[in-house]
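Show me the folded form of this:
(chains A and B, ligands or ions: 2)
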Amino acid sequence: MARIIVVTSGKGGVGKTTTSAAIAMGLAKKGHKTAVIDFDVGLRNLDLVMGCERRVVYDFVNVINGEASLNQALIRDKNCNQLYILPASQTRDKEALNQEGVGKILDDLKKDFKYIVCDSPAGIEKGAHLAMYFADDAFVVTNPEVSSVRDSDRMLGILASKSRRAERNEEPIKEYLLLSRYSPDRVKLGEMLSVDDVQDILSLHLLGVIPESKSVLNASNSGTPVILDEKSDAGQAYADIVARYLGEDKPHRFIEDKKGFFGKLFGGK
Amino acid sequence: MSTDPHKTPYAPSVLEFKSSTFSVPVLVLSSNDLVAIEQQLQEKIRLAPEFFKNSPLVLDLQELNKQGYDIEVTELTDIVRKSGLLPIGIRGGSVQQNKQALALLIPVYSIHNIGASAETQKPKKIIPTPEPVTDNASTTLITKPIRSGQRIYSSGDLVVLAQVSAGAEIMAEGNIHVYSTLRGRALAGVQGNTEARIFCSDLQAELISIAGNYKISEDLDETVRKKPVQIYLQNHTLIIKDIV
Ligand SMILES: Nc1ncnc2c1ncn2[C@@H]1O[C@H](COP(=O)(O)OP(=O)(O)OP(=O)(O)O)[C@@H](O)[C@H]1O
Ligand SMILES: [Mg+2]
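Ligands and ions are numbered 1, 2, ... in the order given. Prediction:
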């Protein structure tokens, strides 16, 4: 059975697109045929992060309007032949999306793909609503700060009450917490919420912590999802996340600061 | 019957009538003093502006009519609408009042067992024992977290087995039990039941209120914060006490 994953947050700029690209690549690398869809109509970011912006001919809105077939619009990834990207349109706005059209595209994709990753736009308006409406799983990307946590909480309320699963009284969407841009040093200084703080507020299953990392910017500048940078901390964090999602047992990393043993010994805790 | 040439007789059905049950707040009046009604309505709404904003409302005039007080439905509707509520029905009204309501396109609902209801026979003076919250009070049970932006209303007691987030709002005409952290707003006895209580295992609420008597987070004493407590009314004062 295909599964639809929405990567969502409420708040903008927390790392949804970075995460969508990384986990879509991670799943595909594990051999699962995966499609990743950019729901951020009007902005179009995913294709840049995936490094396929120069190969966009047709987009999501063209398919919804019947101006192109799904096969014409899907772009095969240059690094992994199990991964396909459905880019957003830059010339339309989110009003060009509609529930029926989105539902039909997802149904078609489900016949052919194992995982369908939906990169949600920020906010709780139409685009974000459509991105989560058909989801089976939700990756809630949160930064360790109060406003981001509050927005994630709000989004969790929407997942639980406004999704198709909720409307049909089916088993609810499975919700996972991805704590991103985490910096143990700043947590120590009291500038950021800790993993425990965030879990206490959201009471949500933690799928992984992604550290604040330069490698993310480097990756998006070069148009390769950061998960392919296997030496980087963020890349490893995303690899762990994909593995845990697929059922592997991996201890959490990147929660403690890098000072290690001596830092802990002398820095106190 | 003439046929419209523009309409195809084989059009697929575009509508369907379904029956659904909604939980809607009911405004029960016990005085016909419109000034007092307006004032108290405003006060109540101030407690939970988000909850009441554009909320549907049923006007219940049964009690009023039983006591022989008349009220102009037109004027009452005016006040209610001005307060940001949207009346969607009336019940327990006189023939005249029902007529007025219909003229305002407000549907008339009948009250079951009107007249010989148990309530009518109840003695006026009530013995000082906690009375049941309402006549058809039912307990609402919530097992999943109530998230920011969500609101829950129970016409009886409300039992929550998960956390209530900051930015969430729970209201009950009866008691509220939260067997987890209460960070949002909790309003018990919202229809005026001063016997209602709030119980929670970890008090971090933004607001707590019983029958309109409220405290905001700032007013909460450090000795009760993050503790399992019960909250009740004594002489119009909210008492917050450890549950030992
Ligand atoms: N772990 C990280 N470490 C450092 N920078 C990061 C990290 N994750 C994301 N960023 C940076 O944060 C910015 C926003 O990331 P991204 O575009 O993925 O967020 P988004 O949630 O998709 O934003 P939007 O709401 O606008 O769609 C980008 O510049 C990205 O490089
Ligand atoms: Mg984005």
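
Now do the same contact list for B:R147.
Listed by CB atoms under 8 Å, 6 or more residues apart in numbering or on different chains, the contact partners of B:R147 are A:153-154, A:156-157, A:160, B:165, B:167-168. Just so you know, the C-beta spots here come from the backbone N, C-alpha and C atoms, and that holds for glycine as well.

I'd like the distance between A:R165 and chain B.
13 Å (CB to the nearest CB, to the nearest Å).

Equivalent analysis for A:N81, please.
40 Å.

go on, A:M155?
A:M155 is 8 Å from chain B, by CB to the nearest CB.

Tell me how many other residues crowd that residue.
By other CB atoms under 10 Å in any protein chain shown, 28 other residues sit near A:M155.

Kindly report the same for A:D197.
A:D197, neighbours per other CB under 10 Å, totals 14.

Can you list phi and psi of it for me?
phi -60, psi -50 (degrees, to the nearest 10).

Relative to ligand 2, how far out is it?
25 Å (CB to the ion, to the nearest Å).

Report pLDDT for that residue.
Model confidence at A:D197, given as pLDDT, is 95.

how about it, what does it touch?
Going by CB under 8 Å, 6+ apart, A:D197 touches A:P144.

What pLDDT is listed against whichever residue of the stretch 1-150 of chain A sits closest to ligand 2?
Among the residues of the stretch 1-150 of chain A, A:T17 lies closest to ligand 2, at 3.3 Å counting by CB to the ion. Looking at A:T17, its pLDDT stands at 97.

burial count for it?
25.

Leaving out sequence neighbours, find the closest residue to it.
Nearest residue to A:T17, sequence neighbours excluded (CB to CB, 6 or more residues apart in numbering or on different chains): A:N45, at 4.9 Å.

ok so, going back, nearest to A:Y238 among the contacts of B:R147?
A:L156 (21.7 Å; CB to CB).

Who are the packing partners of the longest helix belonging to chain A?
The single longest helix within chain A, with elements called by DSSP state H, is helix A:146-162. Here helix A:146-162 touches helix A:126-133, strand A:137-142, strand A:174-182, helix A:195-202, going by 3 or more CB pairs under 8 Å, 6 or more residues apart in numbering or on different chains; DSSP states H and E.

Check whether the longest one comes near ligand 1.
Right, strand A:174-182. Yes: interface with ligand 1: strand A:174-182 contributes A:180-181 (CB under 6 Å from any ligand atom).

what's A:V102 in contact with, if anything?
A:64, A:130, A:133-134.

give me that answer again for 6 Å
Counting by CB atoms under 6 Å, 6 or more residues apart in numbering or on different chains, A:V102 makes contact with A:L130.

any idea how far it is from A:I158?
A:V102 sits 16 Å away from A:I158 when distances are taken as CB to CB, to the nearest Å.

Quick check: buried residues in the longest helix of chain A?
Across helix A:146-162, burial judged by 16 or more other CB atoms under 10 Å in any protein chain shown covers A:148-160.

which element follows it toward the C-terminus?
Going down the chain from helix A:146-162, the next helix or strand is helix A:164-167, by DSSP states H and E.

how distant is that next one from the center of its chain?
21 Å (CA atoms, centre = their mean, to the nearest Å).

if we look at that helix, which residues are touching it?
A:133-134, A:172-173.

Just the buried ones from these?
So, by 16+ other CB under 10 Å, the buried ones in those are A:133-134, A:173.

Checking stretch A:14-32 against ligand 1, do any of its residues make contact.
Yes: using CB under 6 Å from any ligand atom, we find that stretch A:14-32 touches ligand 1 at A:14-18.

re the thing from before, can you pull out the residues in contact with the helix or strand hosting the residue of the stretch 1-150 of chain A closest to ligand 2?
Assigned by DSSP H and E, A:T17 belongs to helix A:16-29. The contact list for helix A:16-29, computed with CB under 6 Å, 6+ apart, reads A:7, A:9, A:34, A:36, A:45-46, A:49-50, A:80, A:82-83, A:115, A:117, A:119-120, A:141, A:216, A:225-227, A:238, A:242.

from those residues, which are also near ligand 1?
Checking those against ligand 1 (CB under 6 Å from any ligand atom), the matches are A:9, A:45, A:216.

Of these, just say which sits nearest to B:P107.
Using CB to CB, these come closest to B:P107 at A:S9, 42.1 Å.

how close does the residue nearest to the closest one when sequence neighbours are not counted sit to A:K114?
Distances taken as CB to CB, 6+ apart put A:V141 closest to A:S9, at 4.6 Å, once the chain neighbours are dropped. Applying CB to CB, the value for A:V141 to A:K114 is 22 Å.

And those two? Which one has more around it.
A:V141 (28 against 17).

Please export the C-alpha coordinates of stretch A:41-54 as PDB.
Output in PDB follows, covering the C-alpha atoms of stretch A:41-54 (Å, rounded to 0.1, in the frame of the first residue of the first chain):
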ATOM      1  CA  VAL A  41       2.300  27.000  -5.500                       C
ATOM      2  CA  GLY A  42       3.600  30.500  -6.300                       C
ATOM      3  CA  LEU A  43       7.000  30.100  -4.700                       C
ATOM      4  CA  ARG A  44       8.500  26.900  -6.100                       C
ATOM      5  CA  ASN A  45      11.400  26.000  -3.900                       C
ATOM      6  CA  LEU A  46      11.600  22.200  -4.000                       C
ATOM      7  CA  ASP A  47      12.900  22.000  -7.500                       C
ATOM      8  CA  LEU A  48      15.800  24.200  -6.500                       C
ATOM      9  CA  VAL A  49      16.600  22.100  -3.500                       C
ATOM     10  CA  MET A  50      16.400  19.000  -5.700                       C
ATOM     11  CA  GLY A  51      18.500  20.700  -8.400                       C
ATOM     12  CA  CYS A  52      16.000  20.100 -11.200                       C
ATOM     13  CA  GLU A  53      14.800  23.600 -11.700                       C
ATOM     14  CA  ARG A  54      16.100  23.700 -15.300                       C
END
